[in-house]
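Engineer: missing the sequence, but the structure's below:
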């Protein structure tokens, strides 16, 4: 209840008004059976049996008799019900307001927190599950606090006023009408524990089903390429079938519980009416008393009957609140943050840096030491898994190094505020994320205030401007989600343009030229070299032909620096670099020879 109530807290005044209405609505209704009783006992007959209507009302009605009294009473009842209808409308409106406000706060905070948690959290959690927690779980919570939670107070107040009014008529009838109460309470407790367990299982299965759906849609091109449509359909159907069966079993249990509850309710009606008729035959109660008691039975019994639905929804809301709280309880990455905001020019020093992932047994980086001067273009090469991309992650503080020191222009990296360092160091990934929007907006998203000239200049440096102008609508062309309508090289170049418009002092190209041909690669690097505003460039690459043009090359091998130097120096000092060059250089030579032969053949023809 604390987890559920915490989101209502900012709107406590709205909630208090709703609770007040939950008291007033059943309280005002509790006098309607008394009005009906008055009709039977004082208008249709003259028994004059006791009535708990306010004295001022009884004195007013006592002035009239017969048809005139019935007409006055009818007008009063209509006006009375209009007032009650107004309260019910206000009640529904306020419940909608505060529940949607609370759900909005929850949704906003949950999404914000997901932005702030460590990147490793997203690496170990399914996207489908996170989406479900941000959507259907919050909707479950909203429904509960807006409808079921206030209904708990309504049940208590309705039950209390009904019991009090019935006791005023006849205490014996009141006690008989409460016979099913212990049975309903015990059944409700058992049913609650059952629903909590089942809802937990259903939520997990729905999460798995959502994740299969999300992966299948995102990977639709792979699915079609490998002709796996039938496999994906079967996989989704299996998950959907498990979800259906578990939901069906819970619905069956609910139907049985509500059927049992309805059966008890009908039995309670029969017993209470039978007992009331018996008292009427002995002259203990009047006809009006019997009619009023029958109406009060529904006031007492129906809330207990509706308790089953509230219990079921409470169990579901309880699970939803726990699932949401699981995310919010995860520490965000800014709890360990620096405070300094030094001027960044691009001088980077690694000194005996070690790094290990939290779920790994061995270090990825083992004693890395190297120096990058401001204004240098440095290439980092090595085999897959040698730790090249890890260096990029450390520099933008996606991860923090385990030991050693990384200094940016003389300031320890861990002492620099994370947001600030990410504003100064730009990173372009091998697989960039592009939005389903126009080409122009995908570039300008980095800074919406940029002019069209700035956007086109950045695109030209990234060697993508000509491609864009060949599109039907140029820069206004809509690209598919994640850039699926573009080639791999176009995606990478568009991401490079998006970063270049920011003119950051340090740029990291994390294998972001892998899908670009050699000629375009050279064109982009030349444009970067000619741009005096860019201070330091770090090119992480598998392509030696790209690396050899750098001011110096850092060769990584199994998490350590094997050698540092120029292309010619490394061919002598680094066995790994020499091996990579012998393979790639030979392939490049063969390709150039082949092209030359084809050109000569074409010219001769």
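Structural biologist: Thanks, I have the structure now. Note that the structure is a prediction, hence the values are computed from the model and not measured.

Engineer: following the one helix or strand residue 18 maps to, which helix or strand shows up next?
Structural biologist: Applying DSSP states H and E as the criterion places residue 18 in helix 12-29. Next along the chain after helix 12-29, taking DSSP H and E as the criterion, comes helix 32-38.

Engineer: tell me which other helices or strands that next one touches.
Structural biologist: Other elements packing on helix 32-38 under the criterion 3 or more Cβ pairs under 8 Å, 6 or more residues apart in numbering; DSSP states H and E are helix 66-116, helix 149-169, helix 287-328. To be clear about C-beta, it is placed using only N, CA and C from the backbone, and glycine gets the same treatment.

Engineer: what's that helix in contact with?
Structural biologist: Residues outside helix 32-38 that contact it (Cβ atoms under 8 Å, 6 or more residues apart in numbering): 49, 51-53, 58, 61, 73, 76-77, 80, 165, 169, 288-289, 291-293, 295-296, 299.

Engineer: now do 7 Å
Structural biologist: Residues outside helix 32-38 that contact it (Cβ atoms under 7 Å, 6 or more residues apart in numbering): 51-53, 61, 73, 77, 165, 288-289, 291-292, 295-296.

Engineer: which of these has the most neighbours?
Structural biologist: Ranked by the number of neighbours (other Cβ atoms under 10 Å), these place residue 292 first, at 31 neighbours.

Engineer: before we move on, the earlier item: report all helices and strands that the helix holding residue 18 contacts.
Structural biologist: Judged by 3 or more Cβ pairs under 7 Å, 6 or more residues apart in numbering; DSSP states H and E, the packing partners of helix 12-29 are helix 66-116, helix 149-169.

Engineer: next, the angle helix 149-169 makes with it.
Structural biologist: Angle of helix 12-29 versus helix 149-169, following axes from the mean of the first three to the mean of the last three Cα atoms, to 10 degrees, is 30 degrees.

Engineer: for the closest residue to residue 416 other than its chain neighbours, give me its contacts.
Structural biologist: Nearest-residue entry for residue 416: residue 338, 4.6 Å, with adjacent residues in sequence omitted and distances by Cβ to Cβ, 6 or more residues apart in numbering. Contacts for residue 338 (Cβ under 7 Å, 6+ apart) come out as 414, 415, 416, 417.

Engineer: just residue 349 next, same as before
Structural biologist: Residue 349 makes contact with 371, 407, according to Cβ under 7 Å, 6+ apart.

Engineer: and if you look at the one 4 residues further on?
Structural biologist: Taking Cβ under 7 Å, 6+ apart as the contact definition, residue 353 lies against 365, 368, 401, 404, 406.

Engineer: A strand includes the second one, no?
Structural biologist: Pointing back at residue 368 there. Yes - per DSSP: H, G, I helix; E, B strand; the rest coil, residue 368 lies within a strand segment.

Engineer: looks like it contacts residue 562 (just checking).
Structural biologist: No - using Cβ atoms under 7 Å, residue 368 makes no contact with residue 562, being 11.2 Å away.

Engineer: before we move on, the earlier item: got the helices and strands packed on helix 32-38 as JSON lines, with distance to residue 243 and mean pLDDT columns?
Structural biologist: Output for the helices and strands packed on helix 32-38, formatted as JSON lines (distance: least, Cβ to Cβ, whole Å; pLDDT from 0 to 100):
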{"stretch": "helix 66-116", "distance to residue 243": "23", "mean pLDDT": "88"}
{"stretch": "helix 149-169", "distance to residue 243": "27", "mean pLDDT": "84"}
{"stretch": "helix 287-328", "distance to residue 243": "15", "mean pLDDT": "78"}
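
Engineer: the domain parsing of the protein - what is it?
Structural biologist: Taking automatic domain parsing as the criterion, the chain consists of the domains 2-333, 348-604.

Engineer: helix/strand/coil for the closest residue to residue 575 other than its chain neighbours?
Structural biologist: Spatial nearest neighbour of residue 575, chain neighbours left out: residue 562 (7.9 Å); criterion: Cβ to Cβ, 6+ apart. Under three-state DSSP, the three-state class of residue 562 is strand.

Engineer: next, the contact list for residue 562, please.
Structural biologist: Per Cβ under 7 Å, 6+ apart, neighbours of residue 562: 555, 556, 574, 576.

Engineer: now the buried members of those residues.
Structural biologist: Buried residues within the contacts of residue 562, defined by neighbour count using 16 or more other Cβ atoms under 10 Å: 555, 556, 574, 576.

Engineer: now these as CSV including pLDDT and secondary structure?
Structural biologist: Listed next are these as CSV, based on pLDDT from 0 to 100; DSSP: H, G, I helix; E, B strand; the rest coil:
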residue, pLDDT, secondary structure
555, 90, strand
556, 90, strand
574, 82, coil
576, 84, helix
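
Engineer: sounds good, over and out.
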